[in-house]
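Dropping a prediction and its sequence here:
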Amino acid sequence: MFFTFLNKDQAHYPDLSLLLQYTPEEVLFYYYNSHLSISLQTYQQLKAEVQSEEDALAPSCQWVELLDEELGLNQDLDTLLGNEYINTVGPYYYPFSNTRFYFTKNNPPEIQQIKAGDFASIMALEFLEPISKEMLDYHKGRKSSKKNHKNKEELIKDINMCIIALRDTEKVNKHINYLNKLLELRYAIVNIENLWPQEPDILPSKPKKADTPPPSSGSNLIPFASLKSRRKRKSQEEEHNSFNQQMKIYLMQYREYEKACDRYKEVLEQWQDYSSDYLERCYVDIEITESKLKNAQKNLRIYNNIISKSMVHADYQDINTLSAFKHYLETGRANDLQDCMNLFEEERHWDEIKASQERIENTIYFLQNSDDRSRLAQDQIERLLKKINDRSAESI
């Protein structure tokens, strides 16, 4: 599943916002050989939105056409709406992407829903911005260049290129992970020896009738035993009525299972034609994705080369530290790389002292609100705080 990138491992429930903003073709690209479950509430909201939609090519209209006409949901919608014992109907088969559809009265938890924002985040991973001409020119100039001394302007440019490379490296790595996931899923499909749609899987459990004990022989003249016998017969009658009710529900649910089997047989009859087109699209996806992966890996090598040949030591090659170095140089607080490192270490040292003082002051505040038995510990902490301040003054 692609939505593991968003920590949603079981994201099979499209939200209304997704159906209003993205077409079936865009969404089902990520659900090859998988399934979607649409809640009845979402479906009804979608139908209401379509009533006021004037554009016949709008995503909402395309979804309604797919669900009602191609899948034939409107034929079974009355069953789902009017039968209190039927909570889910399906699967409905869409052979173009080998996707199964289920429709349910249950409203899923948010962690299982795919919203428009989630989908936009996933689609953003598909595309990679090209490297700027300035970055490419700088990379070419750094191929054989050694880390010799630079003036301030050259050092600022080196740091700026390194910052851009670090930021873009993160984007490229996410893009590569996305492409590898897509390749993994498409190769898994084409490597299936006998690729078929999945059989209907909502098979109801047949209720079992409780065993009726044999009637007792002889007459029982004790009134208590007679009363117990009547209670037993009443209990057996209740169990019998309960079994009849369960059997009635089972037959309703089994009828829906039979309908799903009929839909399965229908798609199997045409699967030979569908499967060839389906596999062809998978191979096309693989070819395009492998081409994108080569380009992404090339970009990653360029960024890594710029970072590795930077004059800044690897210990300081993170975005926040490099941004601080750039600020020192641009504001005149530093003239070279050594000045930058000295200033940075000095500020980090003072930040650590400040954090230590804050922790001690918080402890003192806590102790001031405790009983008298803690005063000895308070005095000791105050002496420790005085010692730190004295050392800080000596360092200055």
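Great, that's in hand.

which regions of the protein sit below the pLDDT cut-off?
1, 143-150, 210-240, 361, 364-380, 388, 391-396 (pLDDT under 70).

Would you map the helices across it?
Along the chain, counting by DSSP state H, helices occupy 16-21, 24-28, 40-51, 59-64, 77-82, 116-124, 133-142, 152-190, 223-269, 271-308, 319-330, 337-368, 375-395.

Put together CSV for these, with distance to residue 97 and mean neighbour count on each row.
Just so you know, the C-beta spots here come from the backbone N, C-alpha and C atoms, and that holds for glycine as well. Listed next are the helices of the chain as CSV, based on distance: least, CB to CB, whole Å; neighbours: other CB atoms under 10 Å:
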stretch, distance to residue 97, mean neighbour count
helix 16-21, 16, 20
helix 24-28, 4, 17
helix 40-51, 19, 16
helix 59-64, 14, 20
helix 77-82, 23, 13
helix 116-124, 16, 16
helix 133-142, 38, 14
helix 152-190, 10, 17
helix 223-269, 12, 13
helix 271-308, 7, 15
helix 319-330, 40, 17
helix 337-368, 53, 13
helix 375-395, 65, 12
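
The ones you listed: which one's closest to residue 200?
Ranking those by distance to residue 200, with CB to CB as the measure, places helix 223-269 first at 3.8 Å.

Next up, the contacts around residue 257.
If you count contacts by CB atoms under 8 Å, 6 or more residues apart in numbering, residue 257 has them with 200, 202-204.

do residue 140 as well
Contacts of residue 140 by CB under 8 Å, 6+ apart: none found.

Look up how far residue 134 lies from it.
Using CB to CB, to the nearest Å, one obtains 11 Å as the distance from residue 140 to residue 134.

Ok, which of the helices of the chain comes nearest residue 99?
helix 24-28 (5.5 Å).

hmm, who's touching the closest one?
For helix 24-28, contacts defined as CB under 8 Å, 6+ apart pick out 14, 18, 36, 59, 62-63, 66, 94, 96-97, 99, 119, 123.

Quick check: residue 32 vs residue 142, distance?
From residue 32 over to residue 142 (counting by CB to CB), the distance is 42 Å.

do the same with residue 209
82 Å.

Equivalent analysis for residue 342, please.
Separation of residue 342 from residue 142 (CB to CB): 26 Å.

Equivalent analysis for residue 27, please.
43 Å.

now residue 119
Residue 119 is 39 Å from residue 142, by CB to CB.

in terms of contact, does residue 166 touch residue 307 like I think?
Yes - with contact defined as CB atoms under 8 Å, residue 166 counts as touching residue 307 (6.6 Å).

Give the intersection of the neighbour lists for those two.
Residues touching both residue 166 and residue 307 comprise residue 317, with contact defined as CB under 8 Å, 6+ apart.

thought residue 299 was touching residue 128?
Yes - Residue 299 lies in contact with residue 128 (CB under 8 Å); the separation is 6.9 Å.

shared neighbours of these two, which are they?
With CB under 8 Å, 6+ apart, residue 299 and residue 128 have common neighbours residue 172.

Domains in this structure, by residue range?
Using automatic domain parsing, the domain parsing of the chain gives 2-124, 142-196+277-316, 336-395.

Can you check which of those gets nearest to residue 248?
When the domains of the chain are compared by CB to CB, domain 2-124 sits nearest residue 248, at 8.3 Å.

Okay, now that closest one: how far is its last residue from its first?
12 Å (CA to CA, to the nearest Å).

Tell me the gap between that domain and the middle of its chain.
Computed by CA atoms, centre = their mean, to the nearest Å, the chain-centroid distance of domain 2-124 equals 17 Å.

ditto for stretch 258-271
With CA atoms, centre = their mean, you get 32 Å for stretch 258-271.

Surely residue 152 touches residue 333?
No - in this structure residue 152 lies outside contact range of residue 333 using CB under 8 Å: 11.6 Å.

need the contact list for residue 54.
So residue 54 contacts nothing (CB under 8 Å, 6+ apart).

Okay, it and residue 61: tell me how far apart.
Separation of residue 54 from residue 61 (CB to CB): 10 Å.
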